[in-house]
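Undergrad: Next come a sequence and a model predicted from it.
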Amino acid sequence: MNVPDKPEIKTSVHTLAKGAGIALFGRSFSRILLLAAQAFLAQVLGPQSYGLFSLGWSILQISANTGQIGLPQAVIRFGAKYWQQDDASFRGVVQQSLALTLIVSLLLGGGIYIFSPGISLFFSKPGLTPVLRGTAIALVLLLLLKVLSAVTRISQRMQYSAIAEDLLPAVSLLLGAFIFVQWMHKGLAGGVYGLVLAYAVGLMVALGFVRSLYPGVLALVRSPSFWRRLISFSLPASAASIFGVLSRWSARLFLGYLYPEAEVGIYQAAAQLASFAAVILTAMNTVFAPMIAQLFGVHKIRELDQLYKITTKWTIYLIAPAIIPLFFLSREVMLLVYGAAYVRGASALSILLIGQFINAASGAVMLLLLMVGHERKWMLIAAGALFLTLVLNSLLVPLWGMEGAALVDTISLSAFNFSGLIVLKKVVHLWPHDRRYIKGIIAGLTSVLVTLALKLFAWQHVWVEVVVVGVVSVAVFLAVLILQGLDEEDMDFIHFLRSRLSSLG
């Protein structure tokens, strides 16, 4: 089934393709830089100290995702309605969202800073205290950065968000790691300094972008009150976010509580490699979110359904060629990227990749539920997933360590997405898949067979095996896909990606 030949749909597809290309480049490149920074810290600090850094990183991500209380989504949902229509209301949405974020971030960050010794005692790791104090400072900066970045996306110009939220923090973290850890010999503390620097730079740039995009939006003048609507939206969204984040990160906390720091560090290394799939999905959702708000607001459900299918298909096409070789070369990749001490995480990496593929194949399911006004259903689904996660963690992590944690992550993520798909189909009649996916299935199966055949060779060097198998696997997937014939929207996507790369060159 092809995209209907209507001007408004074709315009939306073009906007989606252009924005997705920008967001994809920004998030993918930043993920490479972030992976480089994490790999550098893992090798320089060693599994034990890197394990402490990973615990701090995990707590930062949990706190950041819960501390957002749905405000990045809220500012897009309400802001998109008033942008270029009602300046006073738009200003009120932006300012009051930032004020709520500042209050929450100071409370949450201050709590982590004050209670860091107690948290360290709970994990039986005294060295965690200074890491948590630096994490608390980074948290305040990160939460404000996320909301400001969301404000820039209302304009549907994704380059500002990509630079401020993705590229600059990743670059700053990598540079900070070299400066503070390698050059100044600050060790674990240097990694924390780099973390604070990363989000401070991103925040200042995001603030400048908002002032440039929306002149006067931060001026302190009287605006309509949106406190009640923002809080009403954010409370269930916040609860859902808390449940979802705890589901995704609780395995690392169980590992930190039950096992030595090194186990957490190795698992974190594997999770960093697997998380690239989520980055691609997030890049798609970044540009899709304001479009959902606008299309649903004018009841263009058919167009929204088409764009949901297209974004999910593009996500799978981008993720599958990378996941296939990485799944079968997990041991070699862990050795090549992190070193021999981290090879034990290969099995966990393979398990995590399965969960990430299922997550990608579900598309923007939870974002859709949230943006079309079903945040309470999202909250209930997330609560169920958290309950399942805690039960499985208590059973599997003590038995199987990091492999058990990876299995829990995969099962809970799959249950979360499947439940969301069922609810989304029932309440809004949206579904991410159609017959166009048959082409991807054929390309994927062909790539798997070729990858397995190449694995039979006796390779002399690990890096040669990874490069050759990876390149051939990706090439086969793309070749089989192209030979079957690309859809019209796929050609648009390739055109905008090519134009973006040409402009960069």
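TA: Looks like it arrived, so ask away.
Undergrad: Please count neighbours and contacts with C-alpha atoms only from this point.
TA: Will do.
Undergrad: Following the strand or helix carrying residue 377 in sequence, what is the next regular element?
TA: In this structure, residue 377 is located in helix 375-427 according to DSSP states H and E. Sequence order places helix 437-455 as the next helix or strand after helix 375-427, per DSSP H and E.
Undergrad: Now do the helix or strand just after that next one: everything it contacts.
TA: Downstream of helix 437-455, the next assigned helix or strand under DSSP H and E is helix 462-483. Identification of contacts with helix 462-483 by Cα atoms under 8 Å, 6 or more residues apart in numbering yields 321-322, 324-326, 329, 332-333, 336, 439-440, 442-444, 446-448, 450-451, 454-455, 459.
Undergrad: one more time with 6 Å
TA: Here helix 462-483 makes contact (Cα atoms under 6 Å, 6 or more residues apart in numbering) with 321, 325, 443, 447, 451, 459.
Undergrad: Grab the nearest non-local neighbour of the last one.
TA: Taking Cα to Cα, 6 or more residues apart in numbering as the measure, residue 459 lies nearest to residue 465, with 6.0 Å between them; neighbours along the chain are not counted.
Undergrad: Quick one: neighbours of the one you found, just the number.
TA: A count of neighbours around residue 465, defined by other Cα atoms under 10 Å, yields 19.
Undergrad: And the pLDDT at it?
TA: With respect to pLDDT, residue 465 has a value of 93.
Undergrad: Relative to residue 330, how far out is it?
TA: Going from residue 465 to residue 330 by Cα to Cα, to the nearest Å gives 12 Å.
Undergrad: do residue 413 as well
TA: For residue 413, the distance to residue 330 - Cα to Cα - is 21 Å.
Undergrad: Likewise for residue 486?
TA: Residue 486 is 30 Å from residue 330, by Cα to Cα.
Undergrad: Work out the gap between the helix holding residue 377 and the centre of the chain.
TA: Remark: helix 375-427 is offset 17 Å from the chain centroid, using Cα atoms, centre = their mean, to the nearest Å.
Undergrad: helices and strands around that helix, which ones?
TA: Secondary-structure packing of helix 375-427 (3 or more Cα pairs under 6 Å, 6 or more residues apart in numbering; DSSP states H and E): helix 227-258, helix 346-362.
Undergrad: closest to residue 383 out of the ones you listed?
TA: With Cα to Cα as the criterion, residue 383 lies closest to helix 227-258 of these, at 5.5 Å.
Undergrad: average pLDDT across that closest one?
TA: Mean pLDDT, computed over helix 227-258, is 79.
Undergrad: can you give me the helices for the stretch 1-150 of the chain?
TA: Secondary structure of the stretch 1-150 of the chain by DSSP state H, counting those that start in this stretch: the helices cover 7-67, 71-82, 87-114, 116-122, 128-153.
Undergrad: My error: substitute the stretch 151-300 of the chain in the last question.
TA: Under DSSP H, counting those that start in this stretch, the stretch 151-300 of the chain gives helices at 159-161, 168-176, 188-213, 227-258, 261-274, 276-297.
Undergrad: Now do the longest one: which elements does it pack against?
TA: Same thing as helix 227-258. helix 7-67, helix 375-427.
Undergrad: Kindly present those helices as JSON lines, with separate columns for mean neighbour count.
TA: JSON lines is the format used below for these (neighbours: other Cα atoms under 10 Å):
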{"stretch": "helix 7-67", "mean neighbour count": "21"}
{"stretch": "helix 375-427", "mean neighbour count": "20"}
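Undergrad: Helix or strand: which one has residue 327?
TA: Using DSSP H and E, residue 327 falls within helix 301-328.
Undergrad: which residues touch residue 52?
TA: Neighbouring residues of residue 52 by Cα under 6 Å, 6+ apart: residue 128.
Undergrad: mind running it again at 10 Å?
TA: By Cα atoms under 10 Å, 6 or more residues apart in numbering, the residues touching residue 52 are 45, 58, 125-129, 131-132, 188, 256, 260-262, 264-265.
Undergrad: ditto for residue 101
TA: Applying Cα under 10 Å, 6+ apart, the residues contacting residue 101 are 67-72, 95, 107, 140, 143-147.
Undergrad: shaky segments in the stretch 401-505 of the chain?
TA: Applying pLDDT under 70 to the stretch 401-505 of the chain flags the ranges 492-505.
Undergrad: Recalculate using a threshold of 80.
TA: Low-confidence segments of the stretch 401-505 of the chain (pLDDT under 80): 458, 488-505.
Undergrad: Tell me how far residue 402 lies from residue 357.
TA: 19 Å.
Undergrad: ignore the last one, residue 453
TA: Plainly put, residue 453 is 22 Å away from residue 357 if you go by Cα to Cα.
Undergrad: who's more crowded, those two?
TA: Neighbours per residue, other Cα under 10 Å: of residue 453 and residue 357, the larger number sits with residue 357, 21 against 11.
Undergrad: residues contacting that one?
TA: 274, 277, 278, 315, 316, 319, 320, 323, 324, 410, 414.
Undergrad: nearest to residue 136, of those residues?
TA: The closest of those, once distances to residue 136 are taken by Cα to Cα, is residue 278, at 24.7 Å.
Undergrad: close enough to count as contact, residue 32 and residue 275?
TA: No - in this structure residue 32 lies outside contact range of residue 275 using Cα atoms under 10 Å: 11.0 Å.
Undergrad: and residue 435, backbone torsions?
TA: Residue 435 adopts backbone torsions of phi -70, psi -20, taken as degrees, to the nearest 10.
Undergrad: Just give me the neighbour total for it.
TA: Per other Cα under 10 Å, the neighbour tally for residue 435 reads 8.
Undergrad: Give me the distance between it and residue 115.
TA: Distance from residue 435 to residue 115, by Cα to Cα: 53 Å.
Undergrad: Could you do residue 125 as well?
TA: Counting by Cα to Cα, the gap from residue 125 to residue 115 is 14 Å.
Undergrad: Please apply the same query to residue 356.
TA: To residue 115, residue 356 is 33 Å away according to Cα to Cα.
Undergrad: Compare these two (neighbour count), which wins?
TA: With neighbours defined as other Cα under 10 Å, residue 356 and residue 115 compare such that residue 356 has more, 23 against 14.
Undergrad: give the contact list for the more buried one.
TA: Residue 356 makes contact with 274-278, 281, 319, 323, 362, 409-410, 413-414 under the criterion Cα under 10 Å, 6+ apart.
Undergrad: ok, so of those residues, who is nearest residue 77?
TA: residue 281 (19.5 Å).
Undergrad: Give me the pLDDT value at the closest one.
TA: pLDDT, residue 281: 76.
Undergrad: now residue 362
TA: We have a pLDDT of 90 for residue 362.
Undergrad: ok, it - how many residues close by?
TA: 26.
Undergrad: Then residue 459?
TA: Using other Cα under 10 Å, residue 459 is surrounded by 12 other residues.
Undergrad: Now it, what are its backbone angles?
TA: Dihedral pair for residue 459: phi -80, psi 140, per degrees, to the nearest 10.
Undergrad: so how far is residue 332 from it?
TA: Taking Cα to Cα, one finds residue 459 at 11 Å from residue 332.
Undergrad: and stretch 89-98, how far out from the chain's middle?
TA: Stretch 89-98 has its C-alpha centroid displaced from the chain centroid by 25 Å (Cα atoms, centre = their mean).
Undergrad: Kindly report the same for stretch 436-447.
TA: 25 Å.
Undergrad: contacting residues around that stretch?
TA: Residues from elsewhere that reach stretch 436-447, judged by Cα under 10 Å, 6+ apart: 1-2, 309-310, 312-314, 316-317, 320-321, 324-325, 451, 453, 472-487.
Undergrad: Okay, now the unreliable bits of the stretch 151-300 of the chain?
TA: Looking at the stretch 151-300 of the chain by pLDDT under 80, you get 156-158, 221-223, 232-242, 244-246, 248-249, 276-300.
Undergrad: related to what we said a few turns ago, would you tell me which of the helices of the stretch 151-300 of the chain gets closest to residue 378?
TA: Comparison of those against residue 378 by Cα to Cα identifies helix 227-258 as nearest, at 6.1 Å.
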